[in-house]
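Chemist: predicted coordinates and the sequence they were generated for:
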Amino acid sequence: MNDTPAPGSATAVATRPVAPRQLDWLRTELADWTSQGIISEDQATRISTRVATRYPAEHHARLGMGRVFLYLGAAFVGVGLIWLVAANLDDLSPLARFLTIAALWLAFLVGGEVLASRRASAPVVGAVRLLAALGAGAVIFQAAQSLQVPAYEPRLVGLWAVGTLLHAYVTRAVMPFLVGVGTGVTWWFMQPLWDAPNGLTVVMLMGAGAVLAAALAVLHDRWIEAFAWTWRTVAGGMALLALFVAAIPDVGSDGISWSTWLVVALVLAGVATLAAALVRPGARILEPLGAVVVLVAATLIGLWTTGTDTSDIDAADWAHAAISVLAYVVLAVGLVALGTLRDHPPLTWMAMIGLVGFTTFQSFAVFAPIVTGAWLFVVLGTVFLGTGFLFDRARRELASALEPGSDAGPGSRPTSPKGTER
């Protein structure tokens with residue numbers, strides 16, 4: 001909420017920006033209630049005045065050219081700084097290179113916060129903060145280069161992620177947070193695979209990542225909504241990818257290659273889930289627990305090896321594919337339900353797109369040698385029709401449950417994060 005003085009009043013009135021379409025809907029309803037005699041003209045006027053004071057229209061300008069160019073420019077400059085480090089800046093000594101990059105990073109870091117404190121344009125603040133987040137990576141890689149540390153080591157990406165996430169949480173800034181999440185997810189896979197590259201390791205890392213991200217989303221609910229929104233999106237994507245990779249025939253033929261970092265990843269996921277259960281007791285804990293089920297299911301499916309010879313498909317291959325598809329359908333329907341409950345459309349879209357891709361992959365990889373030609377498309381279409389029915393049924397049930405007067409508790413549908421960068 002923003003504290004802004006109400007028109008004609010000396011006291012500050014808490015406001016909450018809302019989408020223009022919501023205001024239009026409310027005005028239409030007020031006119032309808034007035035015409036039906038439910039409320040009087042005077043009451044309608046008072047309500048309209050109150051709404052105008054408390055709920056100003058919020059214009060995101062999602063595709064504003066200025067915002068696009070600012071963020072693209074910041075991204076290009078930030079990547080350019082890292083590229084300069086990679087090019088080694090041969091004309092400067094190692095100390096001069098480091099000091100130059102560090103000075104630029106500090107200028108962006110301090111400049112972004114100064115602009116934010118002066119309430120500068122949100123896209124401008126976001127662009128400068130993005131430069132600071134990318135500049136942090138340039139500083140880390142330049143320092144490593146000066147210390148003769150190989151630039152491809154995963155720990156450098158991990159340090160970059162820690163630095164940008166720290167910046168994001170101190171300032172509640174979205175752009176550094178997105179950079180931190182991106183580099184953090186990259187490190188999440190790079191570090192364990194650095195020690196033990198293995199197909200089932202990838203599956204377990206995706207599953208554990210889904211658990212960790214889901215738990216963090218729950219912990220951020222009603223605290224930093226924009227961060228919760230991002231963590232929830234990461235959790236859904238990781239869960240879908242975990243089951244997708246696990247269903248690839250013979251992906252787990254080498255078994256589980258345990259390493260210190262894989263154990264650390266699983267422990268972090270477990271600790272985050274426990275913290276979510278203690279801090280946010282109630283139905284929300286079902287999110288990380290559902291991700292735990294996905295982790296276990298993906299690991300078991302990955303361990304179930306049936307061979308890769310598509311010319312000799314037996315009952316075990318059919319059972320493996322059928323159970324994989326069933327598990328994926330259940331996950332997709334669960335994500336649709338969660339997306340509806342949390343007012344999180346990306347989860348719904350990811351679930352639908354992922355299910356289409358997964359079912360198509362399974363059909364052509366496993367069923368195609370047996371069900372060929374037009375019949376393959378008939379079978380595939382039948383699966384999609386059945387899945388569509390489940391999706392529609394889940395949507396209708398949730399919509400009915402979330403109607404006023406239903407058992408859905410208050411606050412069950414938090415709003416999506418604001419599109420501004422501060």
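Modeler: That came through, no problem. Numbers count the residues shown, from 1 in each chain.
Chemist: show me the shaky parts of the stretch 151-300 of the chain.
Modeler: 151 (pLDDT under 70).
Chemist: how about the helices in it?
Modeler: Using DSSP state H, counting those that start in this stretch, the helices found in the stretch 151-300 of the chain span residues 154-171, 174-195, 199-220, 225-246, 260-279, 286-303.
Chemist: for residue 49, find the nearest of those helices.
Modeler: helix 225-246 (28.3 Å; CB to CB). Heads up, the C-betas are built off the backbone N, CA and C, glycines and all.
Chemist: show me what the closest one is packed against.
Modeler: Applying 3 or more CB pairs under 8 Å, 6 or more residues apart in numbering; DSSP states H and E, we find helix 225-246 packed against helix 174-195, helix 199-220, helix 286-303, helix 315-341, helix 345-362.
Chemist: please identify the deepest-packed of those.
Modeler: With neighbours defined as mean count of other CB atoms under 10 Å, those peak in mean count at helix 199-220, which reaches a mean of 26.
Chemist: now do the domain split for the chain, please.
Modeler: Listed by automatic domain parsing, the domain ranges of the chain are 2-54, 62-195, 215-422.
Chemist: now those domains as TSV including distance to residue 201?
Modeler: Below are the domains of the chain laid out as TSV (distance: least, CB to CB, whole Å):
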stretch	distance to residue 201
domain 2-54	44
domain 62-195	6
domain 215-422	6
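Chemist: now do whichever strand or helix holds residue 124 against helix 174-195, angle only.
Modeler: Assigned by DSSP states H and E, residue 124 falls within helix 122-146. Helix 122-146 runs at 30 degrees relative to helix 174-195, counting by axes from the mean of the first three to the mean of the last three CA atoms, to 10 degrees.
Chemist: for helix 122-146, list every residue counted as buried.
Modeler: 122-145 (16 or more other CB atoms under 10 Å).
Chemist: same question for stretch 254-263.
Modeler: Applying 16+ other CB under 10 Å to stretch 254-263 flags 256-257, 259, 261-262 as buried.
Chemist: what two of those are the furthest from one another?
Modeler: Greatest spatial distance among those (CB to CB): 256 and 261, at 13.4 Å.
Chemist: so who does the residue most central in space within the chain touch?
Modeler: Centroid-nearest residue in the chain, with CA atoms, centre = their mean: residue 233, separated by 2.6 Å. With contact taken as CB atoms under 8 Å, 6 or more residues apart in numbering, residue 233 is in contact with 344, 346-347, 350.
Chemist: could these go into TSV alongside pLDDT?
Modeler: Compiled in TSV, those are given as follows (pLDDT from 0 to 100):
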residue	pLDDT
344	85
346	87
347	87
350	87
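Chemist: what's the closest of these to residue 203?
Modeler: residue 350 (18.1 Å).
Chemist: thought the closest one was touching residue 334?
Modeler: No - the criterion here is CB atoms under 8 Å, and residue 350 misses it with residue 334 at 12.0 Å.
Chemist: against residue 105, how distant is residue 214?
Modeler: Using CB to CB, to the nearest Å, we find residue 214 at a distance of 33 Å from residue 105.
Chemist: now do residue 224
Modeler: On the measure of CB to CB, residue 224 and residue 105 end up 24 Å apart.
Chemist: more neighbours, those two?
Modeler: Counted by other CB atoms under 10 Å, residue 224 and residue 105 do not tie: residue 105 has more neighbours, with 24 against 18.
Chemist: so what's that one up against?
Modeler: Applying CB under 8 Å, 6+ apart, the residues contacting residue 105 are 132, 135-136, 138-139.
Chemist: using pLDDT, spot the least trustworthy of those.
Modeler: For these, the weakest pLDDT value sits at residue 138, with 83.
Chemist: thought that one was touching residue 98?
Modeler: No - contact between residue 138 and residue 98 fails when scored by CB under 8 Å: they sit 10.0 Å apart.
Chemist: not counting sequence-adjacent ones, nearest residue to residue 178?
Modeler: Nearest non-adjacent residue to residue 178, counting by CB to CB, 6 or more residues apart in numbering: residue 230, 6.9 Å away.
Chemist: surely the one you found and residue 181 touch.
Modeler: Yes - applying CB under 8 Å, one finds residue 230 in contact with residue 181, separated by 6.0 Å.
Chemist: okay, the angle between the helix or strand containing residue 110 and helix 122-146?
Modeler: In this structure, residue 110 sits in helix 94-117 according to DSSP H and E. Interaxial angle of helix 94-117 relative to helix 122-146 (the same axes, to 10 degrees): 160 degrees.
Chemist: list the buried residues for helix 94-117?
Modeler: Applying 16+ other CB under 10 Å to helix 94-117 flags 97-98, 100-102, 104-105, 108-109, 111-113, 115-116 as buried.
Chemist: measure how it sits relative to helix 154-171, angle-wise.
Modeler: Going by the same axes, to 10 degrees, helix 94-117 makes 30 degrees with helix 154-171.
Chemist: chain center to stretch 221-238, what's the gap?
Modeler: 6 Å (CA atoms, centre = their mean, to the nearest Å).
Chemist: buried stuff in that stretch?
Modeler: For stretch 221-238, by 16+ other CB under 10 Å, it's 221, 224, 226-238.
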